[in-house]
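>>> coords below, sequence missing:
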């Protein structure tokens, strides 16, 4: 399975290099080569997952995806090979949470999307607070990866046109409530601060719910670099 994993991963990498013109690929060097880490990104659902996962090689990240994604044979094959964790949305899926924490305890990268759903336009939606709980229980730092351009991938593919895919990688940080009791409001505030870290790396037209950077705070973020 290890051999098959790397064959598929590098096929994805080289194939996407043909189909996409990746801007700032060297940004991925900011991701640490070792240690537990939660990388989070905006989610258009077209091409960013295989592209970013392939760019993280030789590290072997593990993602989280809705359980419905296993309905088709292709995604079922890829997700099973890459060890993607299925999660039942709309409920407290403790099995998925436990598996995600085990990934971090093993010193690996966990990839998640705070928006909780695909965003076909590429414009940021408001984050769900679930990632905050995962970061706290997993005791791992977080690192934002912003991207844009991938929302046009399928449209460009039909026109035999390469897609301009842009990547920006932000600073690593941990969440710190400063001794305050963790309320629903604080968890959402943390999630919003995390999303502003994505928004400030993106062009203004993609920032959506986080368009007004004057509202961005870093009260609960403790940067590691």
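Noted; the coordinates are in hand. Just so we're clear, the structure is a prediction, and the values are computed from it rather than from any experiment.
>>> which residues are in contact with residue 135?
Residue 135 makes contacts with 38, 142, 174-175, as judged by CB atoms under 8 Å, 6 or more residues apart in numbering. Placement of C-beta: from N, CA and C, glycine included.
>>> may I see the buried residues of the host helix or strand of it?
Using DSSP states H and E, residue 135 maps to helix 130-138. Across helix 130-138, burial judged by 16 or more other CB atoms under 10 Å covers 130-132, 134-136, 138.
>>> name the nearest of those residues relative to residue 185.
residue 132 (11.5 Å; CB to CB).
>>> which residues touch that closest one?
175, 187, 190-191, 194.
>>> repeat that for 7 Å
175, 187, 190-191 (CB atoms under 7 Å, 6 or more residues apart in numbering).
>>> ditto for residue 205
By CB under 7 Å, 6+ apart, the contact list for residue 205 is empty.
>>> name the SS class of it, please.
With DSSP: H, G, I helix; E, B strand; the rest coil as the basis, the three-state label of residue 205 is helix.
>>> can you give me the pLDDT of it?
As predicted, residue 205 sits at a pLDDT of 96.
>>> now stretch 145-160: average pLDDT?
Here the average pLDDT along stretch 145-160 is 94.
>>> contacts for it?
The contact list for stretch 145-160 (CB under 7 Å, 6+ apart) reads 19, 39, 41-42, 44, 46-48, 52, 120-122, 162-169, 198, 201-203, 206.
>>> can you count the residues close to the residue nearest to residue 204 when sequence neighbours are not counted?
Nearest residue to residue 204 in three dimensions, chain neighbours excluded: residue 211, at 6.9 Å (CB to CB, 6 or more residues apart in numbering). By other CB atoms under 10 Å, 14 other residues sit near residue 211.
>>> check residue 171 too.
Neighbours of residue 171 using other CB under 10 Å come to 14.
>>> sec struct for it, please.
Secondary structure, three-state DSSP: residue 171 is coil.
>>> I figured it hits residue 225, correct?
Yes - at 5.3 Å, residue 171 counts as touching residue 225 under the criterion of CB atoms under 7 Å.
>>> show me the helices in this protein, by range?
Assigned by DSSP state H, the helices in the chain fall at 2-19, 48-55, 73-81, 94-105, 130-138, 153-158, 184-199.
>>> ok and the fourth one relative to helix 130-138, angle-wise?
Put plainly, it is helix 94-105. Put simply, helix 94-105 runs at 60 degrees to helix 130-138, going by axes from the mean of the first three to the mean of the last three CA atoms, to 10 degrees.
>>> for the first one, same thing?
In this structure, helix 2-19 runs at an angle of 140 degrees to helix 130-138, with the same axes, to 10 degrees as the basis.
>>> about what we covered before: may I see the helices of the chain arranged in TSV, with distance to residue 147 as well?
Converted to TSV, the helices of the chain look like this (distance: least, CB to CB, whole Å):
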stretch	distance to residue 147
helix 2-19	12
helix 48-55	5
helix 73-81	19
helix 94-105	22
helix 130-138	17
helix 153-158	11
helix 184-199	9
